[in-house]
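> Next one to model:
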Amino acid sequence: MKVTSLDLNLLVVLDAVLEEGGVTAAARRLDLSVPAVSRALGRLRTAFADPLLVRSGRGLEPTAQALALRPRVRALVEDAQHLLGPAEGDVPAALRRAYTVLAPEDLVAGFGADLLARVRAEAPGVQLRFLSEGRAADEGAAVRESAADVAIGVNTPKEADLRVEGLVREPLVGVVRAGHPLGADGVTPARFAAWEHVVVSRHGRLRTAVDRRLEAEGVRRTVAASVPDFTTALRLVAAGDLVGIAPAALARNLAGPLRLATFAPPFELKPLRVSLLWHPRRDGDPAHRWLLDRLREAAGRTTGRPGGGLHELTSRSTLPSS
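The predicted model follows:
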C-alpha cells in the first residue's frame, strides 16, 4: 500500500477507534457522525486487509494486527499533533487534545479535582483521561507504548530510555480512629502490635515490611485484612479499632472527614518516593511540558509543597505499609 493512496486522516480515526474500543465512542471523541466513522473504518479494513475490530459478545475486540498497529499509529498521530500544534506561547488557549495520565486511584482522588480545574481554566479544549495502574502492565511500558502521555509511579527505578523526575518523598504515619488508645503519645512496638491491623497491597499480600520490623523487636501483630488502596484502608480504620499506616498528607487530609487520629510509628519507615515518568520523544512538545507543569503545581498545592509533592498513593508490594 502506497502512502499516497491512503488518506492520513484515517489514521486519526484508527487511533480513536482502537483507543475507545468502538465506533460510537470514537465518533463522539472526534465529533463526527457514527456513519462517517464506520465508513472510515471500512476503508481502513480494506487498506490493511484486516478486520481490525471483531465482534466479541456485546462489544468489539481488536485483532492481533490492530494490537500491533496501536502504538505505532498513536506515535504517528502524536507526531502530527506536535508538528501542527500551537507554538509555545499559544499552548493553553489553543490546545485541543486528550491526555492520558496513568496514576494510582488514591492520588487522582487527592489532587485530580485541582488539576482538572486548572486545566479547564487555562485550556478548555483539553480532556484528561485518568487510568489506574490496573489498566497497564507497568508505568514504563505505558509511556513507551503511548498508552499514557505521562505516568505517576511509586518507588520507580531509573530507566535509561525514560525521563523519571522525582516529585516527593512522602513520610508514613500510623492512623487510628479518633479516641483510639494508640492516638496518645508513647506508642511502643508492643502497644502497636497489640491491635489488629489493616494493610495496603495491590496484590493482596498480608505481610509487609512492618511485620519484619516488629519481629526484629520481638513482637508480632495480627493482620485482619488487606486492601488495594490507602483510602479504603483509612475508611476501615475509621469504622472500628483497626490500626493502619498511610502517607502523612493523605491521613491529614482525611482526618477531619473520617474522624481519624495519627501517631508516629514506633520505628522508622522508609518514605514513599513518587515520580513522574514520560518518554523523551515528548520533550520537544510545548503542550506536553505545559501538562507536566500543571501536574507539578496541582501536586504542590495539594500537599502544601510548592512546585510538587504527590502523596495520595496506591501501595506496591515492596513498599513499607501497615
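> Every contact and neighbour count from this point should use C-alpha atoms.
Will do.
> Return the set of buried residues in the longest helix along the chain.
The longest helix of the chain (DSSP state H) is helix 64-84. Residues of helix 64-84 classed as buried: Ala66, Arg70, Pro71, Val73, Arg74, Ala75, Leu76, Val77, Glu78, His82 (neighbour count, 16 or more other C-alpha atoms under 10 Å).
> Could I get the CA-only coordinates of that helix as PDB?
Extracted in PDB, the C-alpha atoms of helix 64-84 (Å, rounded to 0.1, in the frame of the first residue of the first chain):
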ATOM      1  CA  ALA A  64      -3.800  -9.200  16.600                       C
ATOM      2  CA  GLN A  65      -2.800  -6.800  13.700                       C
ATOM      3  CA  ALA A  66      -4.700  -4.000  15.300                       C
ATOM      4  CA  LEU A  67      -3.000  -4.500  18.600                       C
ATOM      5  CA  ALA A  68       0.400  -4.400  16.800                       C
ATOM      6  CA  LEU A  69      -0.600  -1.300  15.000                       C
ATOM      7  CA  ARG A  70      -1.900   0.600  18.000                       C
ATOM      8  CA  PRO A  71       1.300   2.000  19.500                       C
ATOM      9  CA  ARG A  72       2.700   2.900  16.000                       C
ATOM     10  CA  VAL A  73      -0.500   4.600  15.000                       C
ATOM     11  CA  ARG A  74      -0.600   6.500  18.300                       C
ATOM     12  CA  ALA A  75       3.000   7.700  17.800                       C
ATOM     13  CA  LEU A  76       2.300   8.900  14.300                       C
ATOM     14  CA  VAL A  77      -0.800  10.800  15.400                       C
ATOM     15  CA  GLU A  78       1.100  12.400  18.200                       C
ATOM     16  CA  ASP A  79       3.900  13.400  15.900                       C
ATOM     17  CA  ALA A  80       1.400  15.100  13.600                       C
ATOM     18  CA  GLN A  81      -0.200  16.900  16.600                       C
ATOM     19  CA  HIS A  82       3.200  18.100  17.700                       C
ATOM     20  CA  LEU A  83       4.200  19.200  14.200                       C
ATOM     21  CA  LEU A  84       0.900  21.100  13.600                       C
END
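> Show me what that helix packs onto, helices and strands only.
Packing partners of helix 64-84 (3 or more C-alpha pairs under 8 Å, 6 or more residues apart in numbering; DSSP states H and E): helix 9-20.
> Show me the strands in the stretch 1-150 of the chain, by range?
Remark: strands assigned in the stretch 1-150 of the chain by DSSP state E, counting those that start in this stretch are 53-56, 59-62, 97-102, 126-131, 150-154.
> Packing partners of the fourth one?
In this structure, strand 126-131 packs against strand 97-102, helix 105-122, with contacts taken as 3+ C-alpha pairs under 8 Å, 6+ apart.
> Over to the last one?
With contacts defined as 3+ C-alpha pairs under 8 Å, 6+ apart, the secondary structure elements packing on strand 150-154 are strand 97-102, helix 139-144, strand 272-278.
> Of those, which is nearest Gly204?
Nearest to Gly204 among the helices and strands packed on strand 150-154 is strand 272-278 (18.9 Å), distances taken as C-alpha to C-alpha.
> Thank you, goodbye.
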